[in-house]
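1. from the sequence below, what's the structure:
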Amino acid sequence: MTSQGAAREISMRELQAMLGVSRSVVSGLIAAGFVRPSRGPRNAYRFTFQDVVLMRTALQLRDAHISPRKILKALSRLRDELPDELPLTGIRVSAVGNDVAVRTGPAQWDAVTGQLLLDFEVTEIKGDVVFLDSAPAQNNLAHQAHEWYDLGEQLRTSDVSGAERAYRKAIAMSPQPFYAAYVDLGALLCELEARCADALHVFDEALEHFPEDAVIHFNRAIAFEELGQFNDAETSYRRCLDLDPSYADAHHNLAILLEKRGDSQGLVRHLNAYRRLTT
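-> Take a look at the predicted model:
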């Protein structure tokens, strides 16, 4: 997995899938000036991941009943007046009452007027979005990798494609192997069933960095089982239990797998182990 692949530009169709909106909605956001996509082959629009975040921000602020004029002015100010700050820190944009507030570290200010806001002025926050840059400074990679991971966590239940991209970005940019991003990305893909083979690739890559991790072997076993590779699933469950004999869920899953394979003794042994560990 390379950073070049993670930074790949996004097509109109992919963008629609990530945002869950029609082509006309995307075209309207472009016409309104929220983003300025480039053009690719055959004059097709090409978007960056930051374009996706900008558009999602606009949609969420709209849902929070912020006026289109105020949204456009706020995001234009962010895009045009703070280009040097975006690579260095996560920027959090929220609807605060009828205004758009931006938080950069401990400071919070009005996105339209630039006026500093004090913490006691903040009311219920709606439409919370994190801005992340695609090419941060080298000495800030670890921080930015964690920001991308946090974005993946935010998107996990609402935008699977966006979450996958964010997790992959975290893995690609982190100076050190990013354990949580590997585990969560693999689990996310395996939950989709049709992507279990992709999940297996993620877990295999994770094992290159964390070969003695029971959790990764357990998740890898689940992926094998979903793919119908039961011998490999059994091997991975057993490896998980070699590393952590107290892993109750591995005993449970292995017991069920062995029952399906006609191993009644194995079923009883691991089911009893599961019960001992959970009672």
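
2. tell me how the protein divides into domains.
-> 3-176, 186-278 (automatic domain parsing).

3. wait, residue 142 touches residue 175, no?
-> Yes. Counting by C-beta atoms under 8 Å, residue 175 is a contact partner of residue 142 at 5.5 Å. To be clear about C-beta, it is placed using only N, CA and C from the backbone, and glycine gets the same treatment.

4. the two: who's more crowded?
-> Using other C-beta atoms under 10 Å as the criterion, residue 142 and residue 175 rank with residue 142 on top: 14 against 10.

5. doesn't that one fall inside a helix?
-> Yes. When classified by DSSP: H, G, I helix; E, B strand; the rest coil, residue 142 is found to be part of a helix.

6. rebuild the domains of the chain as CSV, extending it with mean pLDDT.
-> Output for the domains of the chain, formatted as CSV (pLDDT from 0 to 100):
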stretch, mean pLDDT
domain 3-176, 66
domain 186-278, 94
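
7. what's around residue 185, how many residues?
-> Residue 185: 26 neighbours (other C-beta under 10 Å).

8. tell me the SS of it?
-> Following three-state DSSP, we place residue 185 in the helix state.

9. skipping adjacent residues, who's closest to it in space?
-> residue 167 (3.9 Å; C-beta to C-beta, 6 or more residues apart in numbering).

10. please apply the same query to residue 182.
-> Leaving out its chain neighbours, the residue that sits closest to residue 182 by C-beta to C-beta, 6+ apart is residue 206, at 3.7 Å.

11. contacts only, for that neighbour.
-> 177, 179, 182, 183, 186, 213, 216 (C-beta atoms under 8 Å, 6 or more residues apart in numbering).

12. PyMOL command for the buried members of these?
-> With 16 or more other C-beta atoms under 10 Å as the criterion, this PyMOL line picks the buried residues out of those:
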select buried, resi 179+182+183+186+213+216
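
13. now the contacts of residue 206 in JSON lines, with distance to residue 269 and secondary structure?
-> What follows is these, written out as JSON lines (distance: C-beta to C-beta, whole Å; DSSP: H, G, I helix; E, B strand; the rest coil):
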{"residue": "177", "distance to residue 269": "35", "secondary structure": "coil"}
{"residue": "179", "distance to residue 269": "31", "secondary structure": "helix"}
{"residue": "182", "distance to residue 269": "31", "secondary structure": "helix"}
{"residue": "183", "distance to residue 269": "28", "secondary structure": "helix"}
{"residue": "186", "distance to residue 269": "28", "secondary structure": "helix"}
{"residue": "213", "distance to residue 269": "24", "secondary structure": "coil"}
{"residue": "216", "distance to residue 269": "24", "secondary structure": "helix"}
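
14. tell me which two of the contacts of residue 206 sit farthest apart.
-> For the contacts of residue 206, the farthest-apart pair by C-beta to C-beta is 177 and 186; their separation is 13.5 Å.

15. residue 235 and residue 252, how far apart?
-> 17 Å (C-beta to C-beta, to the nearest Å).

16. over to residue 226?
-> Taking C-beta to C-beta, one finds residue 226 at 16 Å from residue 252.

17. swap in residue 183?
-> Residue 183 is 19 Å from residue 252, by C-beta to C-beta.

18. please apply the same query to residue 164.
-> For residue 164, the distance to residue 252 (C-beta to C-beta) stands at 28 Å.

19. now residue 48
-> 44 Å.

20. where along this structure do the strands fall?
-> With DSSP state E as the criterion, the chain has strands at 10-11, 38-39, 45-47, 91-96, 99-104, 107-110, 116-117, 125-131.

21. count of neighbours near the nearest residue to residue 236 once chain neighbours are set aside?
-> Distances taken as C-beta to C-beta, 6+ apart put residue 221 closest to residue 236, at 3.5 Å, once the chain neighbours are dropped. Close neighbours of residue 221, defined as other C-beta under 10 Å, add up to 27.

22. one more: residue 72?
-> Applying other C-beta under 10 Å, we find 16 residues neighbouring residue 72.

23. over to residue 172?
-> 19.

24. ok, now the one 4 residues further on?
-> Neighbour count of residue 176, defined by other C-beta under 10 Å: 9.
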